[in-house]
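# Structure, please.
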Amino acid sequence: MAAWAATIIAVGAAVISWVYSRRSAAAAKVSGQAATRSAIAAERALHRQQTPVFEALVEDVGGDPAGSGGWPRLMRQLREPADLDEVRVELLSEGVSFPTGQNGVNPGIEVLQRTAVWTQDDVAPSPLRVGDRARWKVAFKHVEDPDASTPEQIELRVTAAAEGQSWIVLDEATVEAARKGREALESWRELQPRMRPSRK
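Next up is the predicted model:
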């Protein structure tokens, strides 16, 4: 009888040990999954913190104060946080493109392209350092309405890469010639009442 009781106690202890080991394994698995999720979240947060910040402008090169007579050039200045190995820009707005015949624009059959890569000294892609500017000539073509004015902003998708990481940034660039033209028109309208001859 004592052997029988000892066997029951040993079997019970084995079952209890097995249950606790299963629970420990399950807890370790849950803990490992939580640690993995936490590491992934931290990596994503770091990636977001390292997202490049640009200043964007479509410059009016050689234009007059009223925004006419110049030619448009897209400028992207890297503001922060670190240097980049590569910068590619895709024009999302309709009616604007990169003319071929300039560095970083694919010389294809099409005269106008929608994408460009930053190229310097015929090296493509070229690095872009914090504070440096990438520039491409752009052209406006008003497909739907040939009488339409130049837009005040264009939308861009920028793909940047550095040290094996990449970022996609959606951005807008103010069109300087359109802004100058609007400001000149507003100034002219303000002067109109003053320019009218007074009636006596």
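
# looking at the protein, which helix or strand does the model trust least?
Lowest mean confidence among the helices and strands of the chain (mean pLDDT, DSSP states H and E): helix 176-195, at a mean of 66.

# in this structure, which spans are helices?
Under the criterion DSSP state H, the chain carries helices at the ranges 2-49, 176-195.

# least reliable of these going by mean pLDDT?
Among the helices of the chain, helix 176-195 has the lowest mean pLDDT, at a mean of 66.

# roughly how far apart are Ser38 and Asn103?
Look at Ser38 and Asn103: by C-beta to C-beta, to the nearest Å, they are 44 Å apart. For the C-beta atoms, the positions are set from N, CA and C on the backbone; glycine is no exception.

# For these two, indicate the residue with more neighbours.
Asn103 (16 against 10; other C-beta atoms under 10 Å).

# wait, doesn't that one sit right on Ala134?
No: using C-beta atoms under 8 Å, Asn103 makes no contact with Ala134, being 10.4 Å away.

# Just give the closest residue to the most centrally placed residue in the chain, not the sequence neighbours.
Nearest to the mean C-alpha position of the chain, by C-alpha atoms, centre = their mean, lies Val169 at 1.3 Å. Of all residues not flanking Val169 in the chain, Val158 sits nearest, at 4.5 Å (C-beta to C-beta, 6 or more residues apart in numbering).

# For that neighbour, which residues are in contact?
52, 54, 76, 87-90, 168-171 (C-beta atoms under 8 Å, 6 or more residues apart in numbering).
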